[in-house]
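Visitor: Provided below for reference: sequence and predicted model.
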Amino acid sequence: MHADSWAIKAKQLGLRSRAVFKLEEILQKTKVLKR
C-alpha cells in the first residue's frame with residue numbers, strides 16, 4: 001500500500017482508512033447526516 005499524507009494522518013488518528021476524510025467531505029457538502 002502506498003502511504004500518502006492522508007493515509008498517514010488517518011493512521012495517526014487511529015483510523016483504519018483514509019476514506020473517512022472523503023466521506024466527511026461528502027457529508028458536509030450534501031448535509032445528509034446531521035451531527
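Guide: Looks like it arrived, so ask away.
Visitor: For L13, grab the count of nearby residues.
Guide: Using other C-beta atoms under 10 Å, L13 has 9 neighbouring residues. Backbone N, C-alpha and C define where each C-beta goes, glycine included.
Visitor: Quick check on it: phi, psi?
Guide: For L13, the backbone dihedrals (degrees, to the nearest 10) come out as phi -90, psi 0.
Visitor: Check the gap between it and L23 for me.
Guide: 14 Å (C-beta to C-beta, to the nearest Å).
Visitor: Name the residue closest to the centre of the chain, please.
Guide: F21 (1.9 Å; C-alpha atoms, centre = their mean).
Visitor: contacting residues around it?
Guide: By C-beta atoms under 8 Å, 6 or more residues apart in numbering, the contact list for F21 reads 6, 9-10.
Visitor: quick one: which of those is nearest K29?
Guide: In terms of C-beta to C-beta, no member of those lies closer to K29 than W6, at 17.4 Å.
Visitor: Appreciated, that's everything.
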